[in-house]
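Student: how does the following fold in three dimensions:
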Amino acid sequence: MKILYFTATGNCLHVAKSLGGELYSIPKMIQEGQYEFTDEKIGIVFPIYSISVPPYIEEFIKKAKFNCEYLFGVMTYGIFDGATSGHLNNIGKEAGHNFAYINTIKMVDNWLPGFDMEKQIASAPKKHIEEHIAEIKSDIEGSKEFIKKGHVGRKMATGYMVRSASKPNHKDSLHGNTSGLGIKNFVTVEDTCVKCGVCSRVCPVKNIKVDKEQGVSFGDFCISCFACTHNCPTNAIRLKGERTKARFRNSHIELKEIIKSNN
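Tutor: Numbering: from 1, shown residues only. Prediction:
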């Protein structure tokens, strides 16, 4: 079994590792131009953005070729997953993929403009994360066929976000839509920055450069994963609109694993 994953703060990497099989980082596959995969079972694990599939992942899925008998998708979210399972299924059909299983799992949400990380972390035990991961693992091991359904309200919410993101004049880097100004207009770097380069190494799209003299600079290709600010060793990267200075990384995942996944 092969599992393709995308992680910024470790949630999806933890899920992917828990499911088992060979792990392949989506950012690395994109960097290497590798889009064809073959195995009996192939899975995709990634976070939900704005109750929809992130454009970055959608583009990858549309380019990829999956040679398998059982294709599955697992998506993580913090509060509300909308009808993202249906969105992923539709993207798959458009690309010629037939998903046998799509499910979601509630975890800690790392979207800083919307959530207080301290409260999110404190709420994690109530989400029964490990139990849900075990249930999904059992489903996949048993080749269960299941596409999580969303009622009309969920479909309307996800549909609205997808349509909004597709508008040519939609410029919102904080929601994963990068056709506009880029994250450099939403962040500041405090004097506590030691120019260690971690932010650059965890960035999955190589959008950050660190110069010993000029400091940290951001490009226009941000995909709003927030790996840079959540993984900064000195907590020096401030995000416009953030609810708290607290940051998060999944307790099961080490920084070096995220660097290895995205660098």
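
Student: mind giving me the packing neighbours of the least confident helix or strand in the chain by mean pLDDT?
Tutor: Of all the helices and strands that make up the chain, the one with the lowest confidence by mean pLDDT, DSSP states H and E is helix 152-166; it has a mean of 76. With contacts defined as 3 or more C-beta pairs under 8 Å, 6 or more residues apart in numbering; DSSP states H and E, the secondary structure elements packing on helix 152-166 are helix 84-94. In short, each C-beta sits where N, CA and C put it, glycine included.

Student: tilt between the helix it packs on and helix 152-166?
Tutor: Angle, helix 84-94 to helix 152-166, by axes from the mean of the first three to the mean of the last three C-alpha atoms, to 10 degrees: 60 degrees.

Student: residue farthest from the centroid of the protein?
Tutor: Counting by C-alpha atoms, centre = their mean, the extreme residue of the chain relative to its mean C-alpha position is Glu213, 31.9 Å from that point.

Student: can you tell me the SS state at that residue?
Tutor: Reducing the assignment at Glu213 to three states with DSSP: H, G, I helix; E, B strand; the rest coil gives coil.

Student: state the distance from it to Glu36.
Tutor: When C-beta to C-beta, to the nearest Å is applied, the distance between Glu213 and Glu36 equals 43 Å.

Student: same question, Tyr77
Tutor: The gap separating Tyr77 from Glu36 is 29 Å, by C-beta to C-beta.

Student: please apply the same query to Asp220.
Tutor: Using C-beta to C-beta, which is the criterion applied here, Asp220 is 30 Å from Glu36.

Student: ok, those two, which is more surrounded?
Tutor: A count of neighbours by other C-beta atoms under 10 Å puts Asp220 above the other of Asp220 and Glu36, at 14 against 10.

Student: mind listing the helices for the stretch 151-263 of the chain?
Tutor: 152-166, 198-202, 227-230, 255-262 (DSSP state H, counting those that start in this stretch).

Student: highest mean neighbour count out of those helices?
Tutor: Neighbour counts (mean count of other C-beta atoms under 10 Å) averaged over each of these peak at helix 227-230, with a mean of 25.

Student: CA atoms only: put that helix into PDB for me.
Tutor: Once side chains and other backbone atoms are set aside, the C-alpha atoms of helix 227-230 remain, and they are given as PDB (Å, rounded to 0.1, in the frame of the first residue of the first chain):
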ATOM      1  CA  ALA A 227       4.200  25.400   8.200                       C
ATOM      2  CA  CYS A 228       6.600  28.300   8.500                       C
ATOM      3  CA  THR A 229       5.000  30.000  11.500                       C
ATOM      4  CA  HIS A 230       3.900  26.900  13.300                       C
END
